[in-house]
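1. Got a predicted structure plus its sequence, pasted below:
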Amino acid sequence: MNEYVTVLRALEFAAERHSEQRRKDAAASPYVNHLIAVAHILAAAGSVNDSELLAAAALHDAVEDTGLTMAELAERFGPVIAGLVAEVTDDKSLPKAERKRLQEEHAPHLSARARQLKIADKISNLRDVTEHPPADWSFERRREYMHWCARVVNGCRGVNPGLDAAFDDVYRRAEAVFGGRG
Ligand code: NDP
Ligand code: ZN
C-alpha cells in the first residue's frame, strides 16, 4: 500500500473513533484537531517522513480514549504501528498522578520513534495549555503542566534536533506567560 494511504487511513479511522470527543478548551474543539497537529508537528518541525510514525501519531490516543483494544489496532494497522501506540499509551487503571509519574520514568526507555511522538504530543498540548487552555484550569495548574511536560520531554531528547528545538520554542512562549522557575 502506498505510504500516503497508510497515513490518511489512520487519520480517517482516528477521526471516526474520536468523533464524539472534544478538547478541553473553551471552544470545545474537535479532538481530531490535536491528532492532526501532532502528525503535522512531526512532519514539519521534525522532518519526519516515516509513514508508520505519522500513522501512529494519528492513532496515539485511540486506545487510551476510545475503548479500542491494542489487538483491534494491530489487526487494522499491523504490529509496528500498534506497538508505537502502545509505547505512548498510559495504563488507565492507574491513578492519574501515578500515570504522570510513570510518563517521566518511562520516557528515556522508549524507542527512538516513540520518543519523537511523545515530544510532538507535548508540543501540541503545551501550545494548547498556553493559547487554548482548559477553561477551568487555574494559572498555577497550567504552570505545573508546563513543568511536567518539560520533564517528560527531557527524557526524550537527542533523537530529532528539530523537535527538541520546537519544544524549546513552545516552552519559551509558555514561560513568558506563566513565569520561570517554580
Ligand atoms: P489532565 O491529564 O486531566 O489533562 C491534560 C491532558 O488533557 C493533556 O495532556 C491532553 O492529553 C488533554 N487535553 C485536552 N484538551 C486540552 C487542552 N485544551 N490543553 C491541554 N491539554 C488538553 O490534567 P493534568 O495534567 O493536570 O493531570 C491531572 C493531575 O493534575 C492529577 O495528578 C491531579 O492531581 C492534578 N491536579 C492539579 C490541580 C492544580 O490546580 N494544580 C487541580 C486538579 C488536579 P492528550 O494528549 O492525551 O489529549
Ligand atoms: Zn495526545
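-> Yep, that arrived. Ligands and ions are numbered 1, 2, ... in the order given.
2. number of nearby residues for Ser19?
-> Here the number of neighbours of Ser19 (other CB atoms under 10 Å) works out to 11. The C-beta positions use only the backbone N, C-alpha and C, and glycine is treated the same way.
3. Ramachandran angles for it?
-> Backbone geometry at Ser19, expressed as degrees, to the nearest 10, gives phi -60, psi -30.
4. Check the one 3 residues further on too.
-> Geometry field for Arg22 lists phi and psi as phi -120, psi 160, criterion degrees, to the nearest 10.
5. got it, and Cys149?
-> phi -60, psi -40.
6. for it, what are its contacts?
-> Lys122, Asn125, Leu126, Phe167, Tyr171 (CB atoms under 8 Å, 6 or more residues apart in numbering).
7. Now the two most distant members of those residues.
-> Farthest-apart pair in the contacts of Cys149 is Asn125 and Tyr171; separation 11.8 Å (CB to CB).
8. ok, longest helix in the chain?
-> Longest helix of the chain, by residue count under DSSP state H: helix 112-131.
9. Pull out the buried residues from that helix.
-> Across helix 112-131, burial judged by 16 or more other CB atoms under 10 Å covers 113-130.
10. what separates whichever residue of the chain sits closest to ligand 2 from Val85, distance-wise?
-> Distances between the chain and ligand 2 by CB to the ion are smallest at Asp121, namely 4.3 Å. Distance, Asp121 to Val85, using CB to CB, to the nearest Å: 11 Å.
11. what do you get for Arg22?
-> 21 Å.
12. Between these two, point out the one with more neighbours.
-> Using other CB under 10 Å, the more surrounded residue of Arg22 and Val85 is Val85, with 26 against 13.
13. Tell me the helices and strands packed up against the host helix or strand of His106.
-> His106 belongs to helix 96-106 when assigned by DSSP states H and E. If contacts are counted by 3 or more CB pairs under 8 Å, 6 or more residues apart in numbering; DSSP states H and E, helix 96-106 sits against helix 139-154.
14. So for this protein, which residue is the most central one in space?
-> For the chain, the residue nearest the mean C-alpha position is Asp121 (2.3 Å; CA atoms, centre = their mean).
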